[in-house]
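Asker: I would like to see how this sequence folds:
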Amino acid sequence: MVRLCDQRGGPARYVWSRRFVEVTAAALVVAGLFAGSMGSSRASAASRSKASGTVNVLYAGSLLDLMQQQIGPAFHRATGFTVSGYSNGSSALATEIKGGTQVGDVFISASPSVNATLQGSANGNWVSSYKQFGSSPLVLGYNPSSKYARDLQTKPWYDVVDLPNFLLGRTDPATDPKGVLAVDALTGVALSYDVPQLNALATSTANVFPETALVGELQAGQLDAGFFYAVEAAAAHIKTVALPGTKLAGDYTVAILNRAPHGAAAKAFVKFLLSSAGQKILKKNGVTPMVPAKSFTASSSVTTTTALASTTTTV
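Answerer: Numbers count the residues shown, from 1 in each chain. Here you go, the predicted structure:
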């Protein structure tokens, strides 16, 4: 910029020289390009921080809604990995893993003892270690449209489930640890409260359903009530009553399967599940997180379902 004086003595006037304008414009262009480059670099770095790919998670059927609606999407947003899930009764899943009908990276069970059926050379060496990360109490979920709904709200549950024509659902103890707990609840209360007729319900094979079907049967009005974990009842918005006289719960574990096809994604999933973000989701949905998660190896884990039912299933 140059200073010009008015020949008539007026105030000085300032004008822009052509060279100054050219230099300034060039500088602005360079600055703009630099800023754009920096922004692009930051965006690229952010995109590089997110992974891509799939993790195959085989999980207990009681976590179906929670995995599909909350944990899976939250994990994807946090890491970029996508969960490809398959659910069934924990014991049934272990059988499918050993039989090769299901291939997974991560195995989530509702019973620590199920991991023992995947340990050792006789069982395929699928699990070397696992972590117990939370528990969810066993409850009685009921259909609010049932003619017995009012009774369940006002009377002891064990006096209602044995009423004529009452339809009580549960899962199969042979394929699902929750089925074991349901039988424990019925037989335990039959003894403790002198209600021997509950033993018949514990041994009946009527109204026994796959874990992934029990919620739908209740919601469709095919059952008056059924045994559920609090986590699945909360996810499906099922009304529940507690089970006084019992302290039974599902104890959830997670393991990375040996020979997992997607090892990096599997590690990322377990890390997220055990993180504060994962624990927050669990706690909000009926699972009490174990902090820190308890680690078990093949040599230290429980080896029988019977032992588990009498020890770690109580909270």
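Asker: helices of the stretch 101-250 of the chain, start to end?
Answerer: Using DSSP state H, counting those that start in this stretch, the helices of the stretch 101-250 of the chain run over 112-116, 149-154, 157-160, 177-192, 198-203, 211-219, 230-235.
Asker: any low-confidence regions in this protein?
Answerer: 1-49, 299-315 (pLDDT under 70).
Asker: quick one, domains of it?
Answerer: 2-45, 55-315 (automatic domain parsing).
Asker: and these, which is most packed in?
Answerer: With neighbours taken as mean count of other CB atoms under 10 Å, those reach their highest mean count in domain 55-315, at a mean of 19. Bear in mind the C-beta positions are built from the backbone N, C-alpha and C, glycine included.
Asker: what's the angle between the one helix or strand Ala94 maps to and helix 177-192?
Answerer: Using DSSP states H and E, Ala94 sits in helix 90-99. Put simply, helix 90-99 runs at 140 degrees to helix 177-192, going by axes from the mean of the first three to the mean of the last three CA atoms, to 10 degrees.
Asker: can you spell out which helices and strands pack onto helix 90-99?
Answerer: Packing partners of helix 90-99 (3 or more CB pairs under 8 Å, 6 or more residues apart in numbering; DSSP states H and E): strand 54-60, strand 82-88, strand 106-109, helix 112-116.
Asker: what about the residue lying closest to Gly245 once chain neighbours are set aside, distance to Leu140?
Answerer: Excluding the flanking residues, the one nearest Gly245 by CB to CB, 6 or more residues apart in numbering is Val189, at 4.8 Å. Here the distance between Val189 and Leu140 works out to 11 Å (CB to CB, to the nearest Å).
Asker: between these two, which contacts overlap?
Answerer: Leu243 (CB atoms under 8 Å, 6 or more residues apart in numbering).
Asker: can you give the contact residues for the one helix or strand Arg77 maps to?
Answerer: Assigned by DSSP H and E, Arg77 belongs to helix 72-79. For helix 72-79, contacts defined as CB under 8 Å, 6+ apart pick out 50-51, 81-83, 85, 268-269, 272-273, 277-278, 281.
Asker: now distance to Ala74 too, for the helices and strands packed on helix 90-99, in a markdown table please.
Answerer: Formatted as a markdown table, those follow (distance: least, CB to CB, whole Å):
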| stretch | distance to Ala74 |
| --- | --- |
| strand 54-60 | 13 |
| strand 82-88 | 10 |
| strand 106-109 | 15 |
| helix 112-116 | 25 |
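Asker: quick one, which of those gets closest to Arg150.
Answerer: strand 54-60 (32.0 Å; CB to CB).
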